[in-house]
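3D model of this:
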Amino acid sequence: MLDQSDIDVTYDRPESYIDYLNQRGISKENIFKDYYTKEFKFDAGKLKSGQVKEIKIPFKNTSSDDYIKITAVNEICSCLKADFPEGDAGKFKPGETKAGTVKFDTKGLSGKIRRPIEVRTFTNRKEINYLIWIQAEISK
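Coordinates of the predicted model:
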């Protein structure tokens, strides 16, 4: 599990990610307990500034009896462009895997970078929200 210092990152909005969530009615204390059900990290490795890296992110429905539907994908930084099947195209049966891609544009970035993507899903029983961290070490 990530700690508070890991999630209070800044991105290309004036407020921190925590402030962004607070504006949506999610308190700092309840981010993982009440809102994000699962979190994942994808390491893009060592990249050069200006490079665009495409990362494939698979989602597998591990349920034995519930469908899952991707209802929304939110990139928190303009350096990320996510392409995930949403709505009916993002609905998949138990055991089925679908993949999305994220393009990570490192232009203007350097050092160790971590940026989040929010993926919201729904089963026939509940909402499941994922926080996907894209991280890389970027050199000039």
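
quick one: the nearest residue to Glu118 once chain neighbours are set aside and Ile117, what's the gap?
Residue nearest to Glu118 in three dimensions, not counting chain neighbours: Asn74, with 4.2 Å by Cβ to Cβ, 6 or more residues apart in numbering. Where you see a C-beta, it was placed from the backbone N, CA and C, and this is true even at glycine. The spacing between Asn74 and Ile117, counted by Cβ to Cβ, to the nearest Å, is 7 Å.

Looking at these two, which is more packed in?
Applying other Cβ atoms under 10 Å to Asn74 and Ile117 shows that Ile117 carries more neighbours, namely 24 against 13.

Spatially central residue for the protein, please.
Ranked by distance to the mean C-alpha position of the chain (Cα atoms, centre = their mean), the top residue is Ile117 at 2.4 Å.

how near is the closest residue to Pro58 other than its chain neighbours to Ala82?
Nearest residue to Pro58 in three dimensions, chain neighbours excluded: Ala99, at 4.6 Å (Cβ to Cβ, 6+ apart). The gap separating Ala99 from Ala82 is 12 Å, by Cβ to Cβ.
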